[in-house]
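Visitor: how would this look folded up:
(chains A, B and C)
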Amino acid sequence: MNYTISTIAPIFLLPFFAFVLNCIFIKKIPKIVPWVSVAGIVGSFFFALAVFCDFMSVYNTDYYIHKIFNWIDLSHGENVFKINLGIYIDNMTAIMLLMVTGVASLIHIFSTWYMKGDVRWERFFVYLSLFTSAMLGLVLSDNLLSIFMFWEMMGFCSYSLIGFYFEKEEAGNASLKAFMTTRVGDVFFLLGILAIWAVVGSVDIPSIYAAIAEGAFEGKSVFGIALASFAGFCIFCGTIGKSAQFPLQVWLPDAMMGPTPCSALIHAATMVAAGVYLSLRMYPLMYVGELNTMIAYIGGITAFGAATIALIQKDLKAVLAYSTISQLGYMVLGIGVGAYNAAFMHLVTHAIFKACLFLSAGSVIHSYHDKYMPNMGGLKKKLPYTWIAMWCCTLAIAGVPFFSGFVSKDRILGDALFMLYTNNAFFIPAILGFVGAFLTPFYMFRMMFLTFHGKNRDKDKYDHCHKEKLTWNQNVPLLILSVFTLGVFFSGSLTGQGIIKVVSPEGKDWFKVLVEAPVQTNLEKFEGRKKQIFSFIDDRDKTPLPQTNYEHQSGFAGPGYDINSEEAYNDLHHAHVEGAILSVIIVAFSILLAFGMYIFGWISPSFFYDKLSFWVKAIKNKYFMDWLYIDVFIKKGLLKLNNFLSWFDSGIYDRYAIDGWAKVNKVIFKASHWFDRVVVDSVAVDGTAVGTEIFSLVTKSVQSGYIQKYLIALVGAIVALAMFLGF
Amino acid sequence: MISLKAYLFVSMILMVTGLVVMISRKNIVAILLGIELILNSAALNFVAYSKYAANNLDGHIFSLFIIVIAAAEAAVGLAIVIRFFQVKETIHIDEASELREELTR
Amino acid sequence: MFANILFSVSSLLVISSCILMMWTKNLMHSCVYLLGVLIGVAGLYLTLGADFVAATQIMVYVGGVVILMLFAVMLTGGKDYQSQTQKILNLFPSMGNKYTFMWGVGVAFVFGCTLIYFFRNLFSVIKVIESDDSYTPTIERLGELLVTDHLVAFEISSVLLLGALVGAAIIARPRKERPAFIDDIVDDHHHDEEHH
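Guide: As a prediction, this is how the structure comes out:
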């Protein structure tokens, strides 16, 4: 396969053209707008599939495509200032492209059912296309600058989609909140880009990798902090904002105010995935900057805290929103503990099952016309297909063996356990991760039981709800997505830890093999590479790689620990096995607790409410984060500062500086007016005129017309000439 | 023998007198008389130099041509004077000043 | 000896006539004094051995030009002779007043000084040929020169004379009455200017 404009660009451009066309169509022929969007994303899916198939056929970790074209070239002589844009596709990008286009296609198809007849429902597809194209552009980008641009495009689209029902005040507030909260992270992200630019002189990912491999970041510091740490932290702040990590997670639950399909898109395939994707791309920087402990802490706190909040939510979508935050916390935790491969795998599997969960929730809400779980119950009979799809996803997210969530999440937990053995600093994140793994099945099963099982608690709505039929745009997307919640698609073994292999031992564990962490030893391939101009025929050799030595890719461990040794390998294997067994036991207990609480009624939920009343109060208020931000930071701090600045602006700056300047200007004006009137006008302009007139009078009097005067002048001239010649 | 300086002195007197006549008179015919004086002084100079400096007859030839041109000039000039008198009914030289710029200010 | 006497008489005639010509206020007198000047110059030509030139001078100037002048004076005489004032210099206004004479004498003085200065320098440059007073007729040699070396100038002068003759006749000839439409056009033009 040749990677040229015509094979790569459509992945990004088809949804974008759908957006542009829809902008035109929406006023004239709104009926075809959804189908243009669907056609765009499905076409993009096939192009992405072609790229994915090519990468699978090469099957080499070292295989990557990097092509550039010049965007801005202000070089002059020795001063080089050049910005290139381009594409960078490696195995990870290929998988991301397939995942994003696939999930987004199904979401588009589902939206045609869900949004039909809604207000402005055609406009929804306009935003959806732009959103998807921005995400695809971000994934394809080879440099941080264009990643940042697409990042901001997604920020705008999420703002528009969350505030889609802008008649509701909450929706408007939620969209503003999402926009402003992510903006905090974006500022740091931009700062990080500048820091990298200052060191590397370029922001494209292979250059950064090469610079890290050459040790360009060593010994450089800013504000007394190592520059790698500073840049890595700033970029990670972008992730915190976009992927809703611990200090800035407040926007994501409110993002449910948008229509459910857009929640699916934001929470699964695009927006929050972008943050984690960026952190994975910049993984070597975090590694060099030694930020792994901090990242692990943030991930662990997020995973645990969001899971506890999800325990008591009544809104169906709120449970899913908090579970999203929790699962993103797991991904970040995976980055922190060096489980690069597992974190990325969790990103993909989570995107699939969370998209399915949100779409299922949309199906339920749309059918039942209510979103509060206390009013539901027993919907299994009314919505059988949704029930099946949602159960598959629930089992996946809960980490039940044979499902994808188990494969990915428990590899993260296994690595966390391994890090806990080798380094005491990772004790708390690992423990938080395991506790979160205990809570996740509980709240998910609770949600399922409250929604689909037991007796119905609102008879009118139940009777009003029609029985679900198999329709291509309502439940078929859910069922397709639920098929991919099985673990076998992502791992050669059923459990992901290599315990129960379904294929030959060196077999098709493609995900582990292909996605390789860009740690120091692997980065050397980027050194001395040649830049390829776009639309260049790709003639790199595509040798298949030996399929061993890729079992372990943990990035870092404690000091003095040789990662590649036999001993370390055995330790890691043991840790993974222990982690798997441990998490299976935890999940089993958790499921048992859920069954006992909501099906069999052994324990009443109120028991925990009474025992942990303080804890429940904190959870109900979302750990007072909103209160902290809005009432303390904004109202007490920023508002005061704002008022002070406003007072300074209007009271001092306006009154003294501006008005004073006006007075000074008035004086200057008068002086210059006088100068203009007297000196320029009277003396210079009129003086010139008078001078010219006098001169003309003299010359006119010479041209008197009296011939004798001419004769006198002639004689004078002759005399003068004679004098001149004679003397 | 008469020296060259004597002829040149007479010639100079003719020249200067012609100039005075040309400048001081306001009558066009009188101005033409001044011109004749100047032409005669030039012709006299030619002949004098022809004898004292060149020793050939080129100066005589030039004198003849000067006489011819003076005759032609007198004929045309007096014709113009007569025509001017027909139009203006005067031969005052200051009446012939229509090519000047009017001094308006 | 004869040459010296002739030179003295001629130069005296020339100088006195031209000064009187400059001095007089009567145009007719002025013309007569011009006659004296021309005759004196012819005498000077004779002292220089230029017999043909002197003869031409007398024939052309005295016989032609001065008569022409007198005719012109008589043809154009008119108002100027009637407006006589008491002052001597303003006896004939068109013959100049004291201001014009001051200008003329001043300019002539400057010019004369310049000429004297140049003549003084000139004598150091020009090598004066000392020749005897022997007289040889020039007519034959002048005739040869006019049809050999100076033929072109001779022919051109003939054309010039013809042109001057025809031109003088055309200029001095009385005009016919102008056609009426030209007056109309001129009147309209004036009319427009008044409006503007």
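Visitor: name the helices or strands packed onto the helix ranked longest in chain C?
Guide: Using DSSP state H, we find that the single longest helix of chain C is helix C:98-125. Contact analysis of helix C:98-125 by 3 or more Cβ pairs under 8 Å, 6 or more residues apart in numbering or on different chains; DSSP states H and E lists helix A:707-726, helix B:4-24 as its packing neighbours. The way it works is simple: take the backbone N, C-alpha and C, and place the C-beta from them, glycine included.
Visitor: And it, what's buried?
Guide: C:Thr100, C:Phe101, C:Trp103, C:Gly104, C:Val105, C:Val107, C:Ala108, C:Phe111, C:Gly112, C:Thr114, C:Leu115, C:Phe119 (16 or more other Cβ atoms under 10 Å in any protein chain shown).
Visitor: Please verify my assumption that the second one contacts B:Lys26.
Guide: Right, C:Phe101. No. Counting by Cβ atoms under 8 Å, C:Phe101 does not reach B:Lys26; the two are 11.1 Å apart.
Visitor: any idea which helix or strand carries the residue sitting nearest the centre point of chain A?
Guide: Nearest residue to the geometric centre of chain A (Cα atoms, centre = their mean): A:Ala274, 3.0 Å. Using DSSP states H and E, A:Ala274 sits in helix A:271-281.
Visitor: then that helix to PDB, C-alphas only?
Guide: Once non-C-alpha atoms are left out, helix A:271-281 reads as follows in PDB (Å, rounded to 0.1, in the frame of the first residue of the first chain):
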ATOM      1  CA  MET A 271     -12.500  13.600  23.400                       C
ATOM      2  CA  VAL A 272     -11.300  11.800  26.500                       C
ATOM      3  CA  ALA A 273      -9.400   9.300  24.400                       C
ATOM      4  CA  ALA A 274      -7.400  12.200  22.900                       C
ATOM      5  CA  GLY A 275      -5.900  13.100  26.300                       C
ATOM      6  CA  VAL A 276      -4.700   9.600  27.100                       C
ATOM      7  CA  TYR A 277      -3.500   9.200  23.500                       C
ATOM      8  CA  LEU A 278      -1.400  12.400  23.900                       C
ATOM      9  CA  SER A 279       0.100  11.100  27.100                       C
ATOM     10  CA  LEU A 280       0.900   7.800  25.400                       C
ATOM     11  CA  ARG A 281       2.500   9.700  22.600                       C
END
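Visitor: Spatially central residue in chain B, please.
Guide: Chain B, centroid-nearest residue using Cα atoms, centre = their mean: B:Ile35 at 1.7 Å.
Visitor: How about the contacts made by that one?
Guide: Listed by Cβ atoms under 8 Å, 6 or more residues apart in numbering or on different chains, the contact set of B:Ile35 reads B:Gly18, B:Met22, B:Glu73, B:Gly77.
Visitor: Can you name the next helix or strand after the host helix or strand of it?
Guide: Assigned by DSSP H and E, B:Ile35 falls within helix B:28-49. Where DSSP H and E defines the elements, the next helix or strand beyond helix B:28-49 is helix B:58-88.
Visitor: Pull the distance from that following helix to the chain's centre.
Guide: 9 Å (Cα atoms, centre = their mean, to the nearest Å).
Visitor: Now look at that helix and say if it contacts chain C.
Guide: Yes. Using Cβ under 8 Å from any Cβ of the partner chain, helix B:58-88 reaches chain C at B:58, B:60-61, B:63-65, B:67-76, B:78-83, B:85-86.
Visitor: Narrow those to just the buried residues.
Guide: The buried subset of those (16+ other Cβ under 10 Å) comprises B:60-61, B:63-65, B:67-76, B:78-83, B:85.
Visitor: Count the residues that sit near residue 22.
Guide: Assuming you mean chain A. The number of residues packed near A:Asn22 is 24, by other Cβ atoms under 10 Å in any protein chain shown.
Visitor: you looked at the wrong chain, it should be chain B
Guide: 25.
Visitor: Would you enumerate the residues in contact with the closest residue to it other than its chain neighbours?
Guide: Excluding the flanking residues, the one nearest B:Met22 by Cβ to Cβ, 6 or more residues apart in numbering or on different chains is B:Gly34, at 3.7 Å. Applying Cβ under 8 Å, 6+ apart, we find B:Gly34 in contact with B:Thr17, B:Gly18, B:Leu19, B:Val20, B:Val21, B:Met22, B:Arg25.
Visitor: can you tell me the helix or strand for A:Gly338?
Guide: Using DSSP H and E, no helix or strand contains A:Gly338.
Visitor: Output the below-cut-off pLDDT ranges for chain B.
Guide: B:1, B:100-105 (pLDDT under 70).
Visitor: show me where chain C has helices.
Guide: Under DSSP H, chain C gives helices at C:2-23, C:27-47, C:51-56, C:66-76, C:79-82, C:98-125, C:139-147, C:151-172, C:180-195.
Visitor: what's the most buried one of those?
Guide: Greatest average neighbour count among these goes to helix C:27-47 (a mean of 22), per mean count of other Cβ atoms under 10 Å in any protein chain shown.
Visitor: for that one, packing partners?
Guide: helix B:4-24, helix B:28-49, helix C:2-23, helix C:51-56, helix C:66-76.
Visitor: These into JSON lines, with extra columns for distance to A:Ala662?
Guide: As requested, the helices and strands packed on helix C:27-47 are exported to JSON lines (distance: least, Cβ to Cβ, whole Å):
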{"stretch": "helix B:4-24", "distance to A:Ala662": "71"}
{"stretch": "helix B:28-49", "distance to A:Ala662": "76"}
{"stretch": "helix C:2-23", "distance to A:Ala662": "82"}
{"stretch": "helix C:51-56", "distance to A:Ala662": "95"}
{"stretch": "helix C:66-76", "distance to A:Ala662": "82"}
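Visitor: among the ones you listed, which is nearest C:Glu144?
Guide: Evaluated over these, closeness to C:Glu144 peaks at helix C:51-56, with 12.4 Å, by Cβ to Cβ.
Visitor: How many residues are close by A:Leu645?
Guide: Neighbours around A:Leu645, by other Cβ under 10 Å: 12.
Visitor: just A:Trp121 next, same as before
Guide: Neighbours around A:Trp121, by other Cβ under 10 Å: 18.
Visitor: Let me see the contact set for it.
Guide: A:Trp121 touches A:Pro34, A:Met115, counting by Cβ under 8 Å, 6+ apart.
Visitor: Report the separation between the closest residue to B:Gly77 other than its chain neighbours and C:Ser157.
Guide: Take B:Gly77 and drop its neighbours on the chain: the residue closest to it by Cβ to Cβ, 6+ apart is B:Leu32, 5.3 Å away. From B:Leu32 across to C:Ser157, the span is 20 Å (Cβ to Cβ, to the nearest Å).
Visitor: cool, and C:Ile19?
Guide: C:Ile19 is 32 Å from C:Ser157, by Cβ to Cβ.
Visitor: and if you look at A:Val678?
Guide: In terms of Cβ to Cβ, A:Val678 sits 69 Å off from C:Ser157.
Visitor: Same question for A:Ser202.
Guide: Distance from A:Ser202 to C:Ser157, by Cβ to Cβ: 95 Å.
Visitor: What about the residue of the stretch 51-200 of chain A found nearest chain B, how many residues nearby?
Guide: Residue nearest to chain B within the stretch 51-200 of chain A: A:His76 (60.3 Å; Cβ to the nearest Cβ). Residues contacting A:His76 under the criterion other Cβ under 10 Å number 8.
Visitor: In the beta-sheet assignment, what are the partners of it?
Guide: Going by DSSP bridges, A:His76 is paired in beta bridges with A:Asn79.
Visitor: Not counting sequence-adjacent ones, nearest residue to A:Leu357?
Guide: Nearest one to A:Leu357, counting by Cβ to Cβ, 6+ apart, is A:Cys393 at 4.7 Å.
Visitor: Count the residues that sit near the one you found.
Guide: Neighbour number of A:Cys393 under other Cβ under 10 Å is 30.
Visitor: which secondary structure elements does the helix or strand it falls within contact?
Guide: Taking DSSP H and E as the definition, A:Cys393 sits inside helix A:384-398. Helix A:384-398 is packed against helix A:340-368, helix A:404-422, helix A:427-452, helix A:476-483, helix A:566-598, with contacts defined by 3+ Cβ pairs under 8 Å, 6+ apart.
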